[in-house]
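Asker: test case, fold it:
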Amino acid sequence: MSAVAAAKVLICDDEPLLRELMRVALVGEYAIEEAGTVTEAIEVASGFRPDVALVDVMMPGGSGLDVIRYLNQDPALRHARCVVVSAFAGESDRKEASEAGADAFVPKPFDPDELSATVASLLEAED
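Answerer: Numbering: from 1, shown residues only. As a prediction, the model looks like this:
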């Protein structure tokens, strides 16, 4: 089994349908966990230790960017690559995401192939 096949992906979005669409978009054998709030995302990440986190910005309990900051500050989680998946896709939004520690940005509505390729690319960069 390759490193990509064993990768763990955390999907953080408050909309269950969008979480399902992201799950379906991921082509490959990933272990996937989901979270619908900022608090839940941090709790799940702490135990799951994802390799990649797909994070919406607008979430209950705070900003998805807080999840990214948490992942980047925790020594056990800072290996996780973070992808912001958001409808707020202007230049200032992308800059704020980058400053929070995001590795990539995929605008909503997202192209399933782009989302899958972004995750695969980030995982390949780790090897």
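Asker: where does the residue nearest in space to the middle of the chain fall, phi/psi-wise?
Answerer: When Cα atoms, centre = their mean is applied to the chain, the residue found nearest the centroid is Leu54 (1.5 Å). Phi and psi for Leu54, reported as degrees, to the nearest 10, are phi -100, psi 120.
Asker: partner residues bridging it?
Answerer: Beta-bridge partners for Leu54, by DSSP bridges, are Ile11, Val83.
Asker: use 631 as the first number from now on
Answerer: Renumbered: residue one is now 631, and that last one reads Leu684.
Asker: in this structure, what spans have low per-residue confidence?
Answerer: For the chain, the stretches flagged by pLDDT under 70 are 631-635, 756-757.
Asker: what are the boundaries of the strands in it?
Answerer: Remark: strands assigned in the chain by DSSP state E are 638-642, 661-665, 682-685, 688-689, 692-693, 711-716, 734-737.
Asker: mind giving me the packing neighbours of the longest helix along the chain?
Answerer: Criterion DSSP state H: the longest helix present in the chain is helix 742-756. Helix 742-756 is packed against helix 646-655, strand 682-685, strand 711-716, strand 734-737, with contacts defined by 3 or more Cβ pairs under 8 Å, 6 or more residues apart in numbering; DSSP states H and E. Every residue, glycine included, has its C-beta placed from N, CA and C.
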